[in-house]
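A.B. asks: I would like to see how this sequence folds:
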Amino acid sequence: MIQRIQTIYLFFVFCLMALVVYLPPFSSSWTVWGDSGIVAALALITIFLYKKRSLQIKISYVMLFLLILVYVLYFLFEWPKGTFADLFRNIRFTFVFPFIAIIFVYLAILGMKKDEKLIRSLDRIR
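C.D. replies: Now for the predicted structure:
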């Protein structure tokens, strides 16, 4: 379990999104708080589903969608409140954490697909 690189990536996603829960990236953050909490929980659950790679991949795609949703929700809720300059004035350093988490989830998906391909090739040899 821990020897797989995607486990490390998913743990980083869990840590980043847990930080976003405790240090929200912008003021109106109840939706981002909930979304980030769900992604953190899914990342932790996905780590322990290492024997079910296809389910891991599906859950990772859901996490990817939810992470993109964080930025969509930000621009939906914050854009009407002010000008373009005001949009980026209230952002904290944790605003980049979901973007970094997107990269880690993508790398984890690539690792899971690589493992799945390896297992299928070994099944053909038998």
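A.B. asks: low-confidence regions, the chain specifically.
C.D. replies: For the chain, the stretches with pLDDT under 70 are 1-2, 27-29, 78-88, 90, 125-126.
A.B. asks: I57 against G111, yeah?
C.D. replies: No: under the criterion of Cβ atoms under 8 Å, I57 makes no contact with G111, lying 10.1 Å away. Heads up, the C-betas are built off the backbone N, CA and C, glycines and all.
A.B. asks: what's next to stretch 95-106, contact-wise?
C.D. replies: Identification of contacts with stretch 95-106 by Cβ atoms under 8 Å, 6 or more residues apart in numbering yields 9-10, 12-13, 16-17, 19-20, 25-26, 36, 39, 43, 60, 63-64, 67-68, 70-71.
A.B. asks: quick one: buried ones out of the residues you listed?
C.D. replies: For these, a burial check counting by 16 or more other Cβ atoms under 10 Å picks out 9-10, 12-13, 16-17, 19-20, 25-26, 36, 39, 43, 60, 63-64, 67, 70.
A.B. asks: which strands or helices does the helix or strand where F77 lies pack on?
C.D. replies: Under the criterion of DSSP states H and E, F77 resides in helix 53-78. For helix 53-78, the packing partners by 3 or more Cβ pairs under 8 Å, 6 or more residues apart in numbering; DSSP states H and E come out as helix 5-22, helix 30-47, helix 97-125.
A.B. asks: cool, thanks, signing off.
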